[in-house]
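Chemist: Turn this into a model:
(2 chains)
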Number of protein chains: 2
Amino acid sequence: MPKIVDHDARRHLIVQSVWSLIGRRGLAAVTMRELAAEAGFANGGLAPYFRDKDEILLAAFQYACDATERRLERTVEEPRGLAGLRGLCHELVPLDETRLLEARVVVAFWDRALYDPRLSSVHEATTRRWRTLMHTYLAQARAAGEVTAPVRDEDIVETLFAVVMGFQVSAVLTPEVTTAGSQIAIIEGLLASYA
Amino acid sequence: MPKIVDHDARRHLIVQSVWSLIGRRGLAAVTMRELAAEAGFANGGLAPYFRDKDEILLAAFQYACDATERRLERTVEEPRGLAGLRGLCHELVPLDETRLLEARVVVAFWDRALYDPRLSSVHEATTRRWRTLMHTYLAQARAAGEVTAPVRDEDIVETLFAVVMGFQVSAVLTPEVTTAGSQIAIIEGLLASYA
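Modeler: Residues are numbered from 1 along each chain as shown, chains lettered A, B, ... in the order given. From the prediction side, this is the model:
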């Protein structure tokens, strides 16, 4: 009988073990050989799964996004309304070591997505999903009277979204200013201003 | 007489001609050879000025920052108070083609700065200057009664700063959502909320 290999599980295993290497040293400094070694494959062993570093980065980005969604489901029971909006913002920003590592992968991803349509279309789809979710929670918050400010929903979502994106960079590059406490205070201040 | 070469002028010339190449195709895809060709140098001709791509990226980042300061001086006559704060935010976000190109250089710079202390210390110094300038304008705006909201100055500056950082990415990667009009509306909305 031919050996049955679960390619999806293998891909997942590879991504899990290499995304922290990207996070620690940056994609630019890491070779395919090192990525294979980190995942426990022989040199060239990644070829059946990933053609190049950008494909690995793409998988790492999707892994980080999936992790965000799983955390959201775990921390906010039945997320909706203002609590859902707050919970989503908290999960999207780099408040702890895990998310700071994810932020490094995300910034590397942005840089490559600027020039690679494969990556930019995934970025577009992912951010569309986050934006749509923010709009859904915001509409629920309006209906529940939790948000009453005469500010356009679009502007509220785009303000929160810009802040979430900005923190990905600042929390890693100026950590003494952009602390977890500062990030939470700013999100709370914005949500309070929409009450 | 030995030929006198103005090395500073040469460095400036190189940066001016290569930063658009980085902006168009991304640092990762560009070789030192191509950078030399773009600047009108022979292959290897950049070596006396820049040791590697990161040094060129560093110079390109500083060039973009200097351009921002020059624009600020030109557009806001005697910038101070709320007008200064608004003008600075407008100059820092990618509202037109020039600044969208600068944003691409900035995102490439962030990615490398995550792992290179030379670059991260320049990022730290630059953002400290922008933050200090925001604090100065904000204090003037408070003194003039243009800002009266019971929000900590630190939170106002960090909110505006996060938004400015976030727009660098979103204006390039999701341009149909993060338009110039949307960016200005969001900055105006925040400034109005601090009135």
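
Chemist: Look at A:Pro79 and say how many residues are nearby.
Modeler: If you count neighbours by other C-beta atoms under 10 Å in any protein chain shown, A:Pro79 ends up with 19. Just so you know, the C-beta spots here come from the backbone N, C-alpha and C atoms, and that holds for glycine as well.

Chemist: got the contact list for it?
Modeler: A:Pro79 sits next to A:72-73, A:87-88, A:137 when contact means C-beta atoms under 8 Å, 6 or more residues apart in numbering or on different chains.

Chemist: at 7 Å what do you get?
Modeler: Neighbour list for A:Pro79: A:72, A:87 [criterion: C-beta atoms under 7 Å, 6 or more residues apart in numbering or on different chains].

Chemist: got it, and A:Val157?
Modeler: Going by C-beta under 7 Å, 6+ apart, A:Val157 touches A:131, A:134-135, A:138.

Chemist: name the element the residue nearest to A:Glu73 when sequence neighbours are not counted belongs to?
Modeler: Once flanking residues are discounted, A:Glu73 sits nearest to A:Pro79: 7.8 Å by C-beta to C-beta, 6 or more residues apart in numbering or on different chains. Secondary structure from DSSP states H and E places A:Pro79 outside every helix and strand.

Chemist: Now A:Pro79. Its backbone dihedrals?
Modeler: phi -60, psi 130 (degrees, to the nearest 10).

Chemist: on that earlier part again, between the contacts of A:Val157, which sits nearest chain B?
Modeler: A:Arg131 (7.3 Å; C-beta to the nearest C-beta).

Chemist: What is the subsequent helix or strand relative to the helix or strand where that closest one lies?
Modeler: Under the criterion of DSSP H and E, A:Arg131 resides in helix A:117-143. Reading on from helix A:117-143 to the C-terminus, the next helix or strand found by DSSP H and E is helix A:153-173.

Chemist: measure the residue nearest in space to the middle of chain A to chain B for me?
Modeler: Central residue of chain A (C-alpha atoms, centre = their mean): A:Cys65, 4.3 Å from the mean position. As defined by C-beta to the nearest C-beta, to the nearest Å, A:Cys65 lies at a distance of 14 Å from chain B.

Chemist: picking that back up, ok, and does the helix holding A:Arg131 reach over to chain B?
Modeler: Yes: residues of helix A:117-143 are located near chain B by C-beta under 7 Å from any C-beta of the partner chain, namely A:120, A:123-124, A:127.

Chemist: buried ones in that helix?
Modeler: For helix A:117-143, the neighbour count (16 or more other C-beta atoms under 10 Å in any protein chain shown) marks A:119-120, A:122-124, A:126-127, A:130-131, A:133-134, A:136-138, A:140-142 as buried.

Chemist: tell me the contacts of the closest residue to A:Gln168 other than its chain neighbours?
Modeler: Of all residues not flanking A:Gln168 in the chain, A:Ala103 sits nearest, at 4.4 Å (C-beta to C-beta, 6+ apart). Counting by C-beta under 7 Å, 6+ apart, A:Ala103 touches A:94, A:168, A:171-172.
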